[in-house]
Structure formats: C-alpha cells, structure tokens
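Q: sequence unknown, structure follows:
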C-alpha cells in the first residue's frame with residue numbers, strides 16, 4: 001500500500017471533498033481522484049462514495065488503520081534522521097501538565113531549550129514524530145506498574161517519579177476530617193472534568209471497574225492546575241491530584257487509600273539519546 005495514496009485518502013475522507021483535499025495537499029483535483037482510484041484498485045474495493053463524498057464500510061475500516069500506519073512511517077523517518085545527523089544543540093521537551101514537576105524544570109538546560117506543554121495523548125506522538133526530543137507523560141498506576149501508553153511507535157519509557165494521590169475537597173466538606181478516602185465511596189460524588197489539568201475521569205472509572213459514576217459537574221478545558229484546585233476549593237466538584245501540588249495552595253487534600261494508586265511520571269524517547277537530550281534524561285532519571 002503506497003503511503004502517499006493512503007495520505008491522500010485520509011485527507012479526502014476527513015474533508016469530505018476532493019477539491020478541498022487537493023487544495024490542502026497542493027495537488028490538482030484530477031491527481032487526487034487518480035490517487036483514490038489507484039488505492040481502490042490496489043485494495044480491490046471502493047473506499048469512498050462520491051455523492052456525497054463519504055467512506056464506504058471498507059473505507060471506514062481502513063481509516064481505523066491509517067492513522068497508526070502513517071504515524072509509524074513518520075516515526076521511522078524521524079528516527080533514521082536522528083541516527084544520521086549530528087546531536088541537536090537545541091532541546092525540546094514535551095510534557096503533560098501534571099508531569100511538569102519542579103525537579104523536571106530544574107533539570108532543563110539553562111539555554112537553548114523549549115518546554116512544550118501538551119495533552120497527554122499527544123506526548124508519545126510528538127516524541128515518535130521527532131517534534132520533541134523527550135517526553136514526560138503522567139497518569140494513574142499501581143505502584144511500580146508502567147503506564148498504559150498508546151502503541152504509536154517503538155518508544156522507550158522509563159519511570160522517573162511516583163507520588164501519592166489525594167482528593168481535593170472544599171473547606172467544610174463532610175469528608176475533610178477523614179484520614180484517607182476510598183475511591184469506590186466517591187463514585188456518586190460530583191467531579192470536575194479536567195482531562196488536561198487533572199487526572200482524567202476515565203482513569204478513575206477504570207480504577208474502580210465501573211462504566212458509570214464520577215459524573216462531571218463542571219468541565220475545565222485548561223491546563224492550569226491552580227485554576228483546577230480553585231474550582232474544587234470553591235465547591236464546583238472534586239478532583240484527584242498528586243498529593244504535593246494538591247496541598248501546595250493551602251487547600252484540603254485527603255490522601256487516597258484504596259485502591260493503591262500512585263501518580264506516575266514516565267520519560268519517553270526513541271532511539272539512542274545523544275547530546276543535551278542524553279544529559280537531560282540522565283538528570284531526570286537520577287531523581288530530585
């Protein structure tokens with residue numbers, strides 16, 4: 001399967017237009033039509049209905065594979081380019097918001113470094129495609145267990161930190177006097193849905209093996225942890241955070257005692273590290 005034809009197909013399916021895809025890709029509309037026809041001939045089945053432009057059943061199934069196929073090709077190209085080139089003098093670290101720890105900030109080079117804060121799911125992709133030299137990604141896990149990361153490319157993941165987690169409560173909440181809380185007892189509570197700034201609610205559902213519960217009372221789409229803690233303190237809903245930042249702003253944070261979960265941060269990279277990336281990885285893995 002020709003990746004150039006596959007990329008054209010994905011673009012046409014996404015835009016639902018041959019002409020719009022031609023403009024985005026810099027081709028003529030005729031060339032786009034030829035690409036689609038060649039791919040359909042190769043696979044022996046129609047992939048798009050023409051009026052309106054929409055994927056067929058086979059086309060929908062191909063789209064399920066296309067993203068990971070194209071990403072792996074980009075990752076392979078980036079990996080080979082790193083092998084052939086000289087070590088970069090500039091460094092880019094991609095990190096999810098809760099992975100931006102004080103020790104990670106202290107480990108950054110004093111110059112020629114870029115810290116890029118991204119959503120969790122974008123960190124492995126950025127490292128695989130070479131737009132970031134290293135990645136820091138976080139999530140909930142059992143102690144010493146690795147995070148479950150998407151299989152976007154061959155990546156090396158190393159744990160660099162594990163912290164206890166706590167439930168952030170408003171002052172005066174009836175649970176504030178508890179020495180610890182069980183997550184199962186909070187399934188029916190009102191929660192803040194903050195997928196980037198906090199720990200996603202789907203991870204809480206997975207930890208308690210429940211498909212429902214943890215209903216969101218308010219959704220916060222930013223990445224600022226101080227704002228998320230402020231929303232919890234104001235009574236808009238509960239949130240689960242690493243214990244240290246949860247208590248850093250003087251809020252009420254009760255440790256989670258069951259199930260045994262930690263906030264885990266992992267360092268991601270691909271290939272053999274050299275130059276500033278190797279030095280930063282060494283600092284992060286050596287701990288605070």
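A: Okay, I see it. Quick caveat, the model's predicted, so the values are computed rather than measured.
Q: contacts for the helix or strand harbouring residue 227 next, please.
A: Taking DSSP states H and E as the definition, residue 227 sits inside helix 225-233. For helix 225-233, contacts defined as C-beta atoms under 8 Å, 6 or more residues apart in numbering pick out 97-98, 168-171, 192, 194, 197-198, 218, 220, 222, 237-239, 241, 245-246, 249, 251-252. Glycine gets a C-beta too; all of them are placed from N, C-alpha and C.
Q: what subset of those is buried?
A: Burial by neighbour count, judged by 16 or more other C-beta atoms under 10 Å, picks out 97-98, 168-170, 192, 194, 197-198, 220, 237-239, 241, 245-246, 251-252 from the contacts of helix 225-233.
Q: quick revisit: inside strands: which ones of the contacts of helix 225-233?
A: Mapping those onto strands (DSSP state E) picks out 168-169, 192, 218, 239, 241, 252.
Q: can you say which two of those are spatially most distant?
A: 218 and 252 (18.1 Å; C-beta to C-beta).
Q: need the contact list for the nearest residue to residue 211 once chain neighbours are set aside.
A: Ranked by C-beta to C-beta, 6 or more residues apart in numbering and with sequence neighbours excluded, the top spatial neighbour of residue 211 is residue 205, at 6.7 Å. Residues near residue 205 by C-beta under 8 Å, 6+ apart: 211-214.
Q: cool, residue 75 as well?
A: Residue 75 touches 128-130, 152-154, 270, counting by C-beta under 8 Å, 6+ apart.
Q: out of those, who's the most crowded?
A: Within these, residue 128 tops the neighbour count with 24 neighbours, counted by other C-beta atoms under 10 Å.
Q: before we move on, back to that, switch the contacts of residue 75 over to CSV; also include distance to residue 279 and secondary structure.
A: Rendered in CSV, the data for those read as follows (distance: C-beta to C-beta, whole Å; DSSP: H, G, I helix; E, B strand; the rest coil):
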residue, distance to residue 279, secondary structure
128, 22, helix
129, 22, helix
130, 19, coil
152, 25, coil
153, 23, coil
154, 23, coil
270, 17, coil
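Q: what's the helix or strand where residue 42 lies packed up against?
A: Using DSSP H and E, residue 42 maps to helix 29-43. Helices and strands touching helix 29-43, by 3 or more C-beta pairs under 8 Å, 6 or more residues apart in numbering; DSSP states H and E, are helix 3-15, helix 18-25.
Q: between those, which one is nearest to residue 134?
A: helix 3-15 (26.8 Å).
Q: span of stretch 93-103 from start to end?
A: Taking C-alpha to C-alpha, to the nearest Å, the first and last residues of stretch 93-103 lie 14 Å apart.
Q: next: stretch 193-207.
A: Taking C-alpha to C-alpha, stretch 193-207 runs 16 Å from one end to the other.
Q: which positions in that stretch come out as buried?
A: 193-201, 203-205, 207.
Q: same check, this time on stretch 52-72
A: Neighbour-count burial for stretch 52-72 flags 53, 55, 59, 62-63, 66, 71-72 (criterion: 16+ other C-beta under 10 Å).
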